[in-house]
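Participant: generate coordinates for the sequence data below:
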Amino acid sequence: MDDVDPADDFQILNQLVQVLKTIPPARRRRVLHMLDTLFNLDGDQAPNPDQAAPTHSERSAKVPFSQDLSPTPKQFLLEKEPRTDVERIACLAYYLTHYRDMPHFKTIDLNKLNTEAAQQRLSNPTY
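Facilitator: The predicted model follows:
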């Protein structure tokens, strides 16, 4: 591990301050908030300068920017109104692909989702 020179840290801080001084206060707050979110500066753990920046999925897992507005399986099927088992399977497959991020699934996954949606049993889901 490299030795950290406090003079280098002060120089970096000075450069950041000079850049931030050129930004209007409202934008400065927004930029600082983005940096705070990006580097998790007010998180549970103290920031580690040697640690890499969190990935997109790690950041989105820690900071929810919006609520999950996806419908439940039951709501989705009520909205689509499938009339046959084939239509219901197609709706369930669409739901798994687009709302559960499962582009590949098995018959049992469709059966579980069908049960979760409180629908009657599928007569022959494999067919």
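Participant: on the three-state scheme, Leu20 is what?
Facilitator: Look at Leu20: counting by DSSP: H, G, I helix; E, B strand; the rest coil, its state is helix.
Participant: swap that for Asp68, sorry
Facilitator: When states are read from three-state DSSP, the local structure at Asp68 comes out as coil.
Participant: burial measure for it, as a count.
Facilitator: When counting by other C-beta atoms under 10 Å, one arrives at 6 neighbours for Asp68. For glycine as for every other residue, the C-beta is placed from the backbone atoms N, C-alpha and C.
Participant: with Thr22 instead?
Facilitator: Counted with other C-beta under 10 Å, residues neighbouring Thr22 total 8.
Participant: and it, backbone torsions?
Facilitator: Comment: the main-chain dihedrals of Thr22 come out as phi -80, psi -10, following degrees, to the nearest 10.
Participant: which residues touch it?
Facilitator: Residues touching Thr22, when contacts are defined by C-beta atoms under 8 Å, 6 or more residues apart in numbering, are absent altogether.
Participant: separation between it and Thr37?
Facilitator: From Thr22 across to Thr37, the span is 22 Å (C-beta to C-beta, to the nearest Å).
Participant: which stretches of the protein have low pLDDT?
Facilitator: 1-3, 42-66 (pLDDT under 70).
Participant: how does it divide into domains?
Facilitator: 6-62, 73-116 (automatic domain parsing).
Participant: which of those domains is buried the deepest?
Facilitator: Each of the domains of the chain was scored by mean neighbour count; the highest is domain 73-116, a mean of 15, by mean count of other C-beta atoms under 10 Å.
Participant: how about the strands in the protein?
Facilitator: Along the chain, no segments are classed as strands by DSSP state E.
Participant: helices of that one, start to end?
Facilitator: Chain-ordered helices for the chain, with DSSP state H as the definition, fall at 6-21, 25-39, 56-62, 73-80, 85-99, 107-116.
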